[in-house]
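Q: just need the structure, nothing else, for what follows:
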Amino acid sequence: MVLATLTSKGQMTIPKEIRDLLGLESGDKVELIPDHKGSVVMQKAPIRSVTDLFGRFPTNGVRTAGEDLKDAAREAAAEHVTRGGAPRR
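A: Okay, the predicted model is just below:
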C-alpha cells in the first residue's frame, strides 16, 4: 500500500512509485474514476485532442498569441477603468 497526504487546499502529491507505475511525467493529466463502492481508480488520461498537448513542451521563452491577447485585454481593461469607465460584463 502507498499513502499520500491531502493538503488543506485539497492537493496531494502522487508518490513516485505510483507515478512510475502509471508512466506519469510532469504536465500529464490523470483521470479519477469513482465507483459505486466509494473507491477511485486513477489512470493516465489519454491525449484526445491537440489542445491536450498545450503546456507539455518547453517554449524557450517564446510567447504564444494567446498570451499576447490576454495581456492586451488586461491592459485595455485597466486603461478603461483608469479613464472612469465601468468594467464591461
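
Q: and Ala45, how many neighbours?
A: 13 (other CB atoms under 10 Å). Glycine gets a C-beta too; all of them are placed from N, C-alpha and C.

Q: wouldn't it be in contact with Gly27 here?
A: No - between Ala45 and Gly27 there is no contact under CB atoms under 8 Å: 11.2 Å.

Q: in the chain, which helix or strand is least confident?
A: Using mean pLDDT, DSSP states H and E, the weakest-scoring helix or strand in the chain turns out to be helix 65-82, at a mean of 76.

Q: for it, buried residues please.
A: By 16 or more other CB atoms under 10 Å, helix 65-82 has no buried positions at all.

Q: CA atoms only: put it into CSV for me.
A: Taking C-alpha atoms only, helix 65-82 is exported to CSV below (Å, rounded to 0.1, in the frame of the first residue of the first chain):
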residue,chain,number,x,y,z
ALA,A,65,-0.6,34.5,-29.5
GLY,A,66,-3.0,33.6,-26.6
GLU,A,67,-0.6,35.1,-24.0
ASP,A,68,-0.3,38.3,-26.1
LEU,A,69,-4.1,38.6,-26.4
LYS,A,70,-4.6,38.1,-22.6
ASP,A,71,-2.0,40.8,-21.9
ALA,A,72,-3.7,43.2,-24.4
ALA,A,73,-7.1,42.6,-22.8
ARG,A,74,-5.8,43.2,-19.3
GLU,A,75,-4.1,46.5,-20.4
ALA,A,76,-7.3,47.7,-22.2
ALA,A,77,-9.5,46.9,-19.2
ALA,A,78,-7.1,48.7,-16.9
GLU,A,79,-7.0,51.7,-19.2
HIS,A,80,-10.8,51.8,-19.4
VAL,A,81,-11.2,51.7,-15.7
THR,A,82,-8.5,54.4,-15.2
